[in-house]
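Q: Mind folding the following:
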Amino acid sequence: MKVEQLYTKCLSEAAYYIESNGEVAIIDPLRDIDVYLKMASENNATIKYIFETHFHADFVSGHVDLAKKTGAIIVYGPNADASFDFHKGSDGEVFNVGDVSIELLHTPGHTMESSCFLLSDENGNKHSVFTGDTLFVGDVGRPDLAVTSEDITQEDLAAMLFDSIRSKLMPLPDHIVVFPAHGAGSACGKNIGSETSSTIGEQKQSNYALQNISKEQFITEVTDGLLAPPSYFFTDVKMNKMGYDELDVVIAKNLKPLISSEFSELYKDDVVILDSRSPQDFSKGFIKGSINIGLKGQYAPWVGVILSPESPLLLIADKGFEREAITRLARVGYENVIGFLDGGVDSYEGNLEVITNNSPEEATDKINQGHKCILDVRKPGERSNGYISQSTHIRLQELPQKMATLNKEDNIMVYCAGGYRSMIACSILAANGFEKTINVEGGYSKLSQQDVPLTLGESCSN
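A: Predicted coordinates:
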């Protein structure tokens, strides 16, 4: 038996490859399916099943394309409804893959069809459970994403999640390996741990949601402080239910080189310039109006948070990385790139804008000399652990809606944890007429080591 986790850091997503005696099961595949086809081919194995723990909201799954290419059967849990052929599994149904077996455990709560898959080895011994978004390391799935009508509330789903965890997962032996669909950074949970696997025993000890608490306490805990999900979540759920174009077709349509004049001609009011270069390179010279979301960070999720899925995109990328940028956009359902600037910014024939970068030392000097316009764009939980005194807090997701509270004439110093999100924020501000922004390199992690006034251990979020 072979079990391999394929973790995609930029999406905080884990897919799984299970192989036994020439047969393969894939759990929660990404849209770019070549890796699974290659693994099976190299092992002279056949992909038999594609198990989906639920209809994913934060990425477009590869289930449809993978089934077309291999003839594998797509399996969802009870209550699933989709426009393509799939097997609607039953609670307790067992699927054989070579000499091992996989049992479907229906665990509604994150969504109604959410299911976990319990793997037993060749000897019938329970080995691991693939928990999807039901159970994470240190957390559980948020119960608000499947609220589609007044007939069911997030509290109803949280109650189901409580029952699912206690009836299906907690009775499992402590040694069972927990393989979740996501790790830290995913918006599918509130505070997911940094590890990408655990055991049932470890989670019973450390996961707040598995402690000896009442259902009412559980409901309060998992629903408290939930932030609004990104709008693209609902687009991705629809694509995962209805199907989509093959990835190769999308890439061929989106990967269109444009010379400078063509690029400028296409830049109109409804079009967004997405600059995927590093924050450092972006700050040194960018096309006016561009939004910087660096390819070397959590690129696609932040695109999903900041930009509308309907917006046509003009792409700026480092030479040779255009295809990667388009592929990663397609992973979250963004298929509307109308072209990229061939040759990158160096080939642009117009004027470029710049954003001022300050080292932690330079920012410290300004703060200690009385600089008052300081913007913190981190998450509330990050800010609760400490922040620059007198700074204003607007988390990055809310900046487009709340920047009207800021003064365009001020020199606004912006920081996040490490400098990636703060440059996104600076680019958003610059695109909306704020011409005096200052990005703090290294963010709070570096600033907090300087001699600056800090407020520690308080939550102060807008």
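
Q: contacts, neighbours, all on C-alpha from now
A: Will do.

Q: Touching stretch 230-240 from outside, list them.
A: Contact partners of stretch 230-240, identified using CA atoms under 8 Å, 6 or more residues apart in numbering, comprise 55-61, 304-305, 308-309, 332-333.

Q: are any of the residues you listed buried, and which?
A: F55, H56, A57, D58, F59, V60, S61, G304, V305, P309, V332, G333 (16 or more other CA atoms under 10 Å).

Q: Next, format those residues as JSON lines and append pLDDT, distance to A431 and secondary structure.
A: Output for the buried ones among the contacts of stretch 230-240, formatted as JSON lines (pLDDT from 0 to 100; distance: CA to CA, whole Å; DSSP: H, G, I helix; E, B strand; the rest coil):
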{"residue": "F55", "pLDDT": "97", "distance to A431": "35", "secondary structure": "coil"}
{"residue": "H56", "pLDDT": "97", "distance to A431": "32", "secondary structure": "coil"}
{"residue": "A57", "pLDDT": "95", "distance to A431": "29", "secondary structure": "coil"}
{"residue": "D58", "pLDDT": "95", "distance to A431": "26", "secondary structure": "coil"}
{"residue": "F59", "pLDDT": "96", "distance to A431": "27", "secondary structure": "coil"}
{"residue": "V60", "pLDDT": "97", "distance to A431": "29", "secondary structure": "coil"}
{"residue": "S61", "pLDDT": "98", "distance to A431": "33", "secondary structure": "strand"}
{"residue": "G304", "pLDDT": "94", "distance to A431": "18", "secondary structure": "helix"}
{"residue": "V305", "pLDDT": "93", "distance to A431": "17", "secondary structure": "helix"}
{"residue": "P309", "pLDDT": "91", "distance to A431": "19", "secondary structure": "coil"}
{"residue": "V332", "pLDDT": "96", "distance to A431": "24", "secondary structure": "coil"}
{"residue": "G333", "pLDDT": "96", "distance to A431": "24", "secondary structure": "coil"}
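
Q: Quick one: those residues as TSV, columns for distance to G185 too.
A: Converted to TSV, the buried ones among the contacts of stretch 230-240 look like this (distance: CA to CA, whole Å):
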residue	distance to G185
F55	19
H56	16
A57	15
D58	12
F59	14
V60	17
S61	18
G304	14
V305	13
P309	21
V332	15
G333	19
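
Q: of those, closest to K88?
A: Nearest to K88 among the buried ones among the contacts of stretch 230-240, counting by CA to CA, is F55 at 12.7 Å.

Q: quick one, what contacts that closest one?
A: Neighbouring residues of F55 by CA under 8 Å, 6+ apart: E113, S114, V237, N240, K241.

Q: Go again with 7 Å.
A: With contact taken as CA atoms under 7 Å, 6 or more residues apart in numbering, F55 is in contact with V237, N240, K241.

Q: quick one: it and G386, what's the gap?
A: Distance, F55 to G386, using CA to CA, to the nearest Å: 37 Å.

Q: thinking again about what came up before, filter the contacts of F55 to the buried ones?
A: Neighbour counting over those (16+ other CA under 10 Å) leaves V237, N240, K241 as the buried ones.

Q: and the last one, helix, strand or coil?
A: At K241, secondary structure determined by DSSP: H, G, I helix; E, B strand; the rest coil is helix.

Q: Okay, and the residue nearest to it when sequence neighbours are not counted sits in which element?
A: Nearest residue to K241 in three dimensions, chain neighbours excluded: A82, at 4.7 Å (CA to CA, 6 or more residues apart in numbering). For A82, there is no helix or strand it lies in under DSSP states H and E.

Q: how does the protein divide into domains?
A: If you go by automatic domain parsing, the domain ranges for the chain are 2-233, 245-347, 356-455.

Q: give the contact list for L352.
A: Each residue near L352 by CA under 7 Å, 6+ apart is listed here: G285, F286, I287, K288.

Q: Any idea how many residues pack against P229?
A: 17 (other CA atoms under 10 Å).

Q: Next one: V337, what pLDDT does it get?
A: On the pLDDT scale, V337 is placed at 98.

Q: now E150
A: Looking at E150, the pLDDT reads 63.

Q: Could you tell me which residues within stretch 66-76 count as buried?
A: Neighbour counts over stretch 66-76 (16+ other CA under 10 Å) mark L66, A67, A72, I73, I74, V75, Y76 as buried.

Q: now, among the residues you listed, which is nearest to D275?
A: When the buried residues of stretch 66-76 are ranked by distance to D275 (CA to CA), L66 comes first, at 31.0 Å.

Q: what number of residues lie near E262?
A: For E262, the neighbour count with other CA under 10 Å is 13.

Q: Let's verify it: helix, strand, or coil?
A: Here E262 is helix, with the state taken from three-state DSSP.

Q: And the helix or strand bottoming out on mean pLDDT in the chain, what's buried?
A: Ranking every helix and strand in the chain by mean pLDDT, DSSP states H and E puts helix 380-383 at the bottom, with a mean of 90. Of the residues in helix 380-383, P380, R383 count as buried by neighbour count, 16+ other CA under 10 Å.

Q: Please state the offset of that helix from the chain centre?
A: With CA atoms, centre = their mean, to the nearest Å as the basis, helix 380-383 stands 18 Å off its chain's centre.

Q: Restrict that helix to CA atoms and write it as CSV.
A: The C-alpha trace of helix 380-383 is given here as CSV (Å, rounded to 0.1, in the frame of the first residue of the first chain):
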residue,chain,number,x,y,z
PRO,A,380,-7.6,40.3,13.7
GLY,A,381,-6.0,37.3,15.3
GLU,A,382,-2.5,38.5,14.2
ARG,A,383,-3.2,42.0,15.6
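
Q: Grab the nearest non-local neighbour of K446.
A: Nearest one to K446, counting by CA to CA, 6+ apart, is P360 at 6.1 Å.

Q: tell me the contacts of the one you found?
A: By CA under 7 Å, 6+ apart, the residues touching P360 are V440, E441, G442, K446, L447.

Q: and it, what are its phi and psi?
A: The phi/psi pair for P360 (degrees, to the nearest 10) reads phi -60, psi -40.
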